[in-house]
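# sequence first, predicted model second:
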Amino acid sequence: MTHFDTAEMYGWGEGEKLLGTALAPIRDQVTIAAKFGLTPSYATDSRPEHIREVVEDSLRNLNIDVIDVLYQHFPDPKVPVEDVVGAMK
């Protein structure tokens with residue numbers, strides 16, 4: 001396998017920490033995808049400030065500098081798609 005998909009909701013950070021540790025020796029040989037858009041109560045939240053927080057947490061949890069693929073876990077009807085994509089940029 002060379003592609004790994006994760007999200008903050010997979011253990012609320014603990015899954016990312018385990019994945020980051022496991023992939024550290026082969027980081028240059030794999031791609032890592034991460035998702036955003038949910039809260040611990042499983043409500044949607046794709047506000048730009050939340051996206052930035054989730055990405056920073058994922059980078060720290062995975063102990064990496066770059067997320068190769070970033071995408072939204074679920075659409076958030078409260079946030080215009082332009083705002084979501086703008087934050088992802």
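Arrived safely, thanks for sending.
# dump the residue contacts of F4.
19, 23, 30-33 (CB atoms under 8 Å, 6 or more residues apart in numbering). Where C-beta positions appear, they are placed from N, C-alpha and C, glycine not excepted.
# try it again at 7 Å.
The contact partners of F4, by CB atoms under 7 Å, 6 or more residues apart in numbering, come to 19, 23, 30, 32.
# repeat that for F74.
The contact partners of F74, by CB under 7 Å, 6+ apart, come to 37-38, 44.
# which one of those residues sits closest to L70?
G37 (10.6 Å; CB to CB).
# next one: the closest one from T6, what distance?
13 Å (CB to CB, to the nearest Å).
# L70 belongs to a helix, doesn't it?
No: counting by DSSP: H, G, I helix; E, B strand; the rest coil, L70 is not part of a helix but strand.
# who's in contact with it?
L70 touches 34, 55, 88, counting by CB under 7 Å, 6+ apart.
# what do you get if the cut-off is 8 Å, keeping everything else the same?
Counted by CB under 8 Å, 6+ apart, L70 has contacts 33-36, 55, 88.
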